[in-house]
Every structure is written in structure tokens, then in C-alpha cells.
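>>> Let me see the structure of the following:
(one chain, ligands or ions: 1)
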Amino acid sequence: MIEPILKWAGGKRSLIPEIISLLPKDYRNKKYHEPFFGGGALFFEIQPKSGSINDINRQLMNFYRVIRDKPEEIIELASSYKYEKEEFYKLRDKYNTPNLTDVEYASLLLYLNKTAFNGLYRVNSKGLFNVPFGRYKNPTIVDENRIKKASKALKNVEILNKDFSYVIDYSKKGDICYFDPPYSPLNKTAYFTSYSSDGFSWEDQIRLRDTCISLDKKGVLFVLSNSYVKELVEEYRKIDSFYIKTVKANRAINSKASNRGPINEILVTNILVK
Ligand SMILES: C[S@@+](CC[C@H](N)C(=O)[O-])C[C@H]1O[C@@H](n2cnc3c(N)ncnc32)[C@H](O)[C@@H]1O
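Here you go, the predicted structure:
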């Protein structure tokens, strides 16, 4: 098992045992696809032998390509950055400029992930990274050992930067696919009244449900996680071959501290639940 290199919103570490228990016993030998990669907690846990990883965030996928292909270079460059407020803002400005090398963008992303407030990744309407300096006690920016292990784990997978639906054409019968989309706001109306959906619309959620239907027809095995939203659960219930499991997950989902704590999440799968 390898710890993910990046902190990423919606990281799925606490659900991993539950998800693995749904997979067929020989899951390590199957082709694996993860279309909403983020920090890739499940991927790094199971270290599949082949398949694809994907995210719509271009910089994020450049980062993993550099980790896979040029681990020594990112280790060397990122090790030269210091955790210091003035340096942080200088490097943040640099990250927001065009025409750097892939290793420079990846090293800066690693640095910002470890030093920005709460490890958040947020860009403004112009696409510029705008998270402020975060206060940490001696943050580890470069974990050499983890980078080398991750680099090995990524060796035989394709790293893509597409919309999640690529997986319909990309996968074959018997492959495994894990979907961890941006969390749905807690009800359907919230899609139209708040910004909490992360740009992932209700229509995208339905498109994702339909992608699962296409995979199911091809004989691809899938597991999907999401927050428990009644309207969404109803959409998945319409499909006879899908199973829905409700699980508790600890997640800060509300800005009011009193509303934080375990909330219900769902796992949807077409693998026969034991
Ligand atoms: C909940 S996070 C995944 C967290 C990940 N499982 C982990 O363990 O860190 C969702 C990811 O979906 C990506 N995303 C959003 N819309 C997408 C789309 N249409 N296609 C592919 N990826 C998308 C976001 O950039 C984000 O990284």
C-alpha cells in the first residue's frame, strides 16, 4: 500500500476497505480505470497492473505524468523550494505563468499542495491558482520514498485528461472501474442555488449514471461513491442490475462546525453484493 502523494478534496481513504470488499477476489489482475482521479487513494492502495487514470484537471494529470516518467527531476527541483510566506507567493505567481516546463509545473503543484491553506486546489475565473499561504509546522514537501513508489505504481497505466465518459470506449468486458465524482450537494435544488457542486451539474450526474449503464451492458464491473442524495439514489434505483449500499463516512461537508460529522454516503455497483 502506498500513501497518496497529494492531499485532495474528497479523498476516499476511509471508504477503501468497504470498496475493496465489493471487488472480485482477483481484482489485482484485472484492468483498472479511475476517471475522477484526484489524489487517487484507491489506485495507490490496490496498485493495479494496468489500466487508465484520468482527471479533468490538466495540471493534476501533468503532475502524475512527471511522477511516472521523471521522478528524479521533480524530487530535485521541488526540494529546492522553501516553506516561507514570501517564497510561497513568488512560487504561486510563477505557477500562474505560461510556458514553464512540465517538471516546473509539477514541482510547483507539489509545493503548493503541501503549503497552501488546507491543501486546497482552487483557481479563479481566469484559471489562476489563488489559495493563500497555509500555516503548518515543518511541512514535508518532498517525500522521496513515496514519490519513487508512486512512480513505479504508475508505470503501466495510461494517464489521461478527458471527460469521465472516455471510459465507455476505453474499457473492455471484465475490467474494473471506480468512479469518485465531485460530491453532489445534499439535494437537487442545491444545484441551482449554490456553488457547492464544483461545476459538476445535475446533468453531469445523470450522464455519469448513464455511463454506468453503458459499462454494465459491456460487462465492465464498476463501483461508484457519492453522497446520499435522495434524488440521486432514485436515479440509480431505476436500474435493476445496480446495487446500492449506504455507508457512513466522516467528512467536513458543511461550513458550520455543528453540521460536520459522519454523513451517509452511497456506494453503487453492478458487482453482486456478497
Ligand atoms: C472527489 S474528487 C476525487 C477524489 C479521489 N478519489 C481521491 O481519493 O483523492 C473528484 C475529481 O473529479 C474531477 N472532475 C470533475 N469533473 C470531471 C469530469 N467531467 N471528468 C473527469 N474528472 C472530473 C475533479 O477535478 C476532481 O479531482
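>>> show me the contacts for the residue lying closest to P35 once chain neighbours are set aside.
Distance criterion C-beta to C-beta, 6 or more residues apart in numbering; nearest residue to P35, sequence neighbours excluded, is F164 at 3.8 Å. For every residue, glycine as well, the C-beta is placed using N, CA and C. By C-beta atoms under 8 Å, 6 or more residues apart in numbering, F164 lies in contact with P35, F36, N54, I56, F179, P181, L208, T211.
>>> so which of those residues also contact the ligand?
P35, F36, I56, P181 (C-beta under 6 Å from any ligand atom).
>>> which of the contacts of F164 tops the neighbour count?
The most crowded member of the contacts of F164, judged by other C-beta atoms under 10 Å, is P35 (26 neighbours).
>>> And the pLDDT for it?
pLDDT recorded at P35 is 98.
>>> still on that earlier bit, and the furthest pair within the ones next to the ligand among the contacts of F164?
I56 and P181 (10.5 Å; C-beta to C-beta).
>>> that older thread, got CSV for the ones next to the ligand among the contacts of F164, with secondary structure and distance to P24 too?
Putting the ones next to the ligand among the contacts of F164 into CSV (DSSP: H, G, I helix; E, B strand; the rest coil; distance: C-beta to C-beta, whole Å) gives the following:
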residue, secondary structure, distance to P24
P35, coil, 20
F36, coil, 22
I56, coil, 29
P181, coil, 23
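>>> Kindly present these as TSV, with separate columns for distance to N270.
Conversion of the ones next to the ligand among the contacts of F164 to TSV gives the following (distance: C-beta to C-beta, whole Å):
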residue	distance to N270
P35	16
F36	18
I56	24
P181	17
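>>> tell me which of those is nearest to D143?
Nearest member of these to D143, counting by C-beta to C-beta, is F36, at 23.8 Å.
>>> quick one: contacts for that closest one?
Taking C-beta under 8 Å, 6+ apart as the test, what F36 contacts is N54, D55, F164, F179, D180, P181, P182.
>>> a markdown table for those residues, including pLDDT and secondary structure?
Output for the contacts of F36, formatted as a markdown table (pLDDT from 0 to 100; DSSP: H, G, I helix; E, B strand; the rest coil):
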| residue | pLDDT | secondary structure |
| --- | --- | --- |
| N54 | 98 | strand |
| D55 | 97 | coil |
| F164 | 98 | helix |
| F179 | 98 | strand |
| D180 | 96 | coil |
| P181 | 95 | coil |
| P182 | 91 | coil |
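>>> and of the ones next to the ligand among the contacts of F164, the nearest to Y170?
For the ones next to the ligand among the contacts of F164, the nearest to Y170 is P35 (9.0 Å; C-beta to C-beta).
>>> Let me see the contact set for the closest one.
Applying C-beta under 8 Å, 6+ apart, the residues near P35 are N54, D55, F164, Y166, V167, C177, F179.
>>> Wasn't the fourth one part of a strand?
No. Remark: Y166 does not belong to a strand; assigned using DSSP: H, G, I helix; E, B strand; the rest coil, it is helix.
>>> Thought N54 was touching it, still the case?
Yes. Counting by C-beta atoms under 8 Å, N54 is a contact partner of Y166 at 6.4 Å.
>>> quick one: common contacting residues for the two?
In terms of C-beta under 8 Å, 6+ apart, Y166 and N54 are both contacted by the residues P35, L160.
>>> Count the neighbours of S21 for me.
11.
>>> for L108, helix, strand, or coil?
Assignment for L108 (three-state DSSP): helix.
>>> Also the one 5 residues further on?
Reducing the assignment to helix, strand or coil with three-state DSSP, the entry for N113 is helix.
>>> What is the burial count for it?
With other C-beta under 10 Å as criterion, N113 counts 21.
>>> Do I have it right that it meets P4?
No. Applying C-beta under 8 Å, one finds N113 not in contact with P4, separated by 10.5 Å.
>>> Which members of the contacts of P35 are the farthest-apart pair?
Greatest spatial distance in the contacts of P35: D55 and C177, 14.3 Å, computed using C-beta to C-beta.
>>> where does the stretch 151-274 of the chain come near the ligand, residue by residue?
Applying C-beta under 6 Å from any ligand atom, we find that the stretch 151-274 of the chain lies next to the ligand at D163, F164, D180, P181, P182, F200.
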